[in-house]
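Could you look at this predicted model? Sequence included:
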Amino acid sequence: MKPEREVIEVNLQEWEGLLQRARQEPLDEAGYQKLEAARRAFRVLTEMIGEKNTTISQLRALLAKPSTEKTSKVLEQAGIKTPAQNTSPPNGNEKPRPGHGRKGAGAYRGARRIKIAHGSLQPGDRCPECQKGKVYEQKEPALRIRVVGQAPIAATIYELERLRCNLCGEVFEAEAPEEVGEEKYDATAAAMIGLLKYGSGVPWDRLERLEASLGIPLPASTQWEIVEEKAEVIRPAFDELIRQAAQGEVFYNDDTGMKILALARANPPPAEKEEASGAKERTGLFTSGIVSTCEGRRIALFFTGRKHAGENFARVLAERAQKLPPPIQMSDALSRNVPKLPRKLEILWGNCNAHARRRFVQVTPNFPEECRFVLESLRAVYRYDAEAERQGLSPQARLRYHREHSQPVMDALHAWFLAQFAEKKVEPNSGLGEAISYCLKRWDRLTLFLREPGAPLDSNIVERALKKAILHRKNSLFYKTENGAEVGDLFMSLIHTCELNAVNPFEYLIALQKHAEELAKNPAVWMPWNYVQALPPVGTSHPPA
């Protein structure tokens, strides 16, 4: 893997001044370092230009400072100083965003809790300090958090005593404890390997080295065999996840590139066959991400292969009940994200405002004042949406809130777009003109949230979900076979669905394996949000009826 190239700041005026100084006197160390940076920049640029796949965007990213899409930062980099914005909602009652500051005890959802009684006092006892009052139990106990480390995979060797008769030679072996079982690798091992590989993107060889350094020799091939075997055991949960996702109210879908060696190495059909068939065989490989929301629950699905996101979305919708109303689909404007559906099934397609906004972010350095109006308008709409979420508004109430506050902003933005072309203020073929044309062409789909209850503003949730697949691609580079891709899709779908619903994926994968028979009979009660109710009560071995 090539080393990451450093970002080099280009300041031509400063370099010209250094050259003038070099004619008069020797350069100091600081001046030498700046000229050395120019030399390195020229060398890196020469190397990148010589590479086949280098794009203008990559060269621009090398020479420019790292950017952010936050409105204030984008405008600041374009040379526009904006006043400090009050990020609180209209009523001014915003609470601090979660995730800032120290983590409280409530954030340790997976921690084991142990209650400790006072050593010398009980509720109702006389106060040992004043000898007059009585002590009573406080509502909130004092908390002490103890964090310990442990190996991802541990092994226990049971040494069973063996006794041999000196006359007949019969050998008598001690019985193993009941919890040992017959299998060498239990459910926790498979769950941890699957979680590290497909949840955290740790490659097989890296897992093998980590475990070997901790004294547990577990070859990569063995780890693959473990998760492959358990994938078939828990597959009913994945199939049920697809069925329940199909009944969703809002769908988000997109895809990203992924390599499967067995398909990438397959020989393409001869040119004669392609001409005879009149169609060109698709050679691209993708991982499609689909997020379905229904009744406050979120389901994430992944599918890897030659099919686009729209085709995999159609596969999911094939499980949808006919009596349900048309769902809302949110994606970017690519046609391959749209499913080809039978006439009896319709969808309400909305386009992502974040993708539209990004087009203006990219041209802000060239059109700062024009883009400022667009970015600040969209910022206001997003603030209204955040306030609606903070208030916990229902879909109908959220729609009314957006119509009251966001509709005037979007109408003004639409009128401004039209005026730029009507008054010939913007060249249609310029970067700004293309960004405006993109929005005008898709305006109805970009403003679906002003007409349909529950319609989102963007598809950011599926973009974040696809980071699971991107992390796997970045670390492991590829899947070896189609079967390996199916196993990865299964584990990623179950793990990320747990994360979206604040469920511990490790405990969930263990429960599915330990109750495989019950899962196969009734997978609907073994979903991440309800499987705890299906677990047998403590002290029993059978789940509740």
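Structure's in. What do you need?

Mind listing residues that contact stretch 106-119?
For stretch 106-119, contacts defined as CB atoms under 8 Å, 6 or more residues apart in numbering pick out A105, P141, I145, A502, N504, F506, E507. All C-beta spots, glycine's among them, are computed from the backbone N, C-alpha and C.

how does it look with 10 Å?
The contact list for stretch 106-119 (CB atoms under 10 Å, 6 or more residues apart in numbering) reads 98-99, 105, 125, 135, 137, 141-147, 502-504, 506-507.

Narrow those residues to those in helices?
Under the assignment DSSP state H, the contacts of stretch 106-119 contribute F506, E507 to helices.

List buried members of the contacts of stretch 106-119 by neighbour count.
V503, F506, E507 (16 or more other CB atoms under 10 Å).

tell me what the longest helix anywhere in the chain is packed against?
Longest helix of the chain, by residue count under DSSP H: helix 395-422. For helix 395-422, the packing partners by 3 or more CB pairs under 10 Å, 6 or more residues apart in numbering; DSSP states H and E come out as helix 368-390, helix 431-441, helix 443-446.

Which positions in that helix come out as buried?
For helix 395-422, burial by neighbour count (16+ other CB under 10 Å) applies to R398, L399, Y401, H402, H405, S406, V409, M410, L413, F417, Q420.

Equivalent analysis for stretch 430-448, please.
Buried-residue list, stretch 430-448, by 16+ other CB under 10 Å: 431-433, 435-439, 442-443, 445-448.

ok, now stretch 302-310?
For stretch 302-310, by 16+ other CB under 10 Å, it's F302, F303, T304, G305, K307, H308, A309, G310.

how close does the residue nearest to V381 when sequence neighbours are not counted get to G392?
Closest residue to V381 in three dimensions, ignoring its sequence neighbours and counting by CB to CB, 6 or more residues apart in numbering: S406, at 4.7 Å. Going from S406 to G392 by CB to CB, to the nearest Å gives 18 Å.

OK, contacts around E249?
With CB under 10 Å, 6+ apart, E249 has these contacts: S292, T293, C294, E295, L324, P325, P327, I328, P395, P453, G454.

and those residues, which two are the farthest apart?
S292 and P453 (16.8 Å; CB to CB).

With neighbour numbers in mind, choose between these two.
S292 (25 against 15; other CB atoms under 10 Å).

so the more buried one touches S493, yeah?
No. Between S292 and S493 there is no contact under CB atoms under 10 Å: 11.1 Å.

So L494 sits against F238, correct?
Yes. Between L494 and F238 there is a contact under CB under 10 Å: 6.4 Å.

between these two, what contacts are shared?
In contact with both L494 and F238: A231, L301, F302, L512, using CB under 10 Å, 6+ apart.

Let me have those residues in TSV, extended by pLDDT and secondary structure.
Formatted as TSV, these follow (pLDDT from 0 to 100; DSSP: H, G, I helix; E, B strand; the rest coil):
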residue	pLDDT	secondary structure
A231	96	helix
L301	97	strand
F302	97	strand
L512	96	helix
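
Going by distance to R43, which of those residues wins?
Closest to R43, out of all of the shared contacts of L494 and F238 and judged by CB to CB, is F302, at 40.7 Å.

Tell me which residues touch A30, please.
L18.

actually V363, not the one I typed
Taking CB under 10 Å, 6+ apart, one finds A78, E370, C371, V374, S430, G431, L432, G433, E434, A435 in contact with V363.

Nearest residue to it in space, ignoring adjacent ones along the chain?
G431 (3.8 Å).

Isn't the one you found up against V361?
No. In this structure, G431 is not within contact of V361 by CB under 10 Å, at 11.0 Å.

what's the overlap in contacts for those two?
By CB under 10 Å, 6+ apart, the residues touching both G431 and V361 are C371.

before we move on, the earlier item: can I get the contacts of E249 in TSV including distance to D489, secondary structure and pLDDT?
Formatted as TSV, those follow (distance: CB to CB, whole Å; DSSP: H, G, I helix; E, B strand; the rest coil; pLDDT from 0 to 100):
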residue	distance to D489	secondary structure	pLDDT
S292	15	strand	96
T293	20	strand	95
C294	21	strand	89
E295	24	coil	86
L324	25	coil	91
P325	29	coil	92
P327	22	coil	94
I328	24	strand	95
P395	30	helix	93
P453	32	coil	94
G454	27	coil	93
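
Can you add distance to T156 and give those back as CSV?
What follows is those, written out as CSV (distance: CB to CB, whole Å):
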residue, distance to T156
S292, 41
T293, 43
C294, 43
E295, 43
L324, 50
P325, 55
P327, 49
I328, 51
P395, 52
P453, 55
G454, 51
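
Of those - the most surrounded one?
Going by other CB under 10 Å, S292 tops those with 25 neighbours.

T256 versus the residue lying farthest from the centre of the chain, what's the distance?
Distance from the centre of the chain peaks at L167, with 67.4 Å (CA atoms, centre = their mean). Distance, L167 to T256, by CB to CB: 71 Å.

Count the neighbours of the spatially closest residue to Y438 that is not a sequence neighbour for me.
Spatial nearest neighbour of Y438, chain neighbours left out: R359 (5.8 Å); criterion: CB to CB, 6+ apart. Neighbourhood size, R359 [other CB under 10 Å]: 18.

Report the contact partners of R359.
Residues counted as contacts of R359 (CB under 10 Å, 6+ apart) are C371, V374, G431, L432, E434, A435, I436, S437, Y438, C439.

Would you point out the helix or strand in the chain whose mean pLDDT is lowest?
helix 271-277 (a mean of 50; mean pLDDT, DSSP states H and E).

hmm, back to that, got a markdown table for the shared contacts of L494 and F238, with distance to G201 too?
A markdown table is the format used below for those (distance: CB to CB, whole Å):
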| residue | distance to G201 |
| --- | --- |
| A231 | 18 |
| L301 | 18 |
| F302 | 13 |
| L512 | 22 |
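
what about G79, distance to R372?
G79 is 11 Å from R372, by CB to CB.

Comparing these two, which shows the higher neighbour count?
More crowded of G79 and R372, by other CB under 10 Å: R372, with 18 against 9.

What about A117, how many residues nearby?
Count around A117 with other CB under 10 Å applied: 8.

SS state for it?
coil (DSSP: H, G, I helix; E, B strand; the rest coil).

Got the phi and psi for it?
phi -80, psi 160 (degrees, to the nearest 10).

Ok, E175 next?
phi -80, psi 140.

Would you map the strands across this protein?
Ranges of strands within the chain are 162-164, 171-173, 250-257, 286-294, 297-305, 328-331, 348-351, based on DSSP state E.

Any idea which of those gets closest to K197?
With CB to CB, the closest approach to K197 among the strands of the chain belongs to strand 297-305: 13.7 Å.
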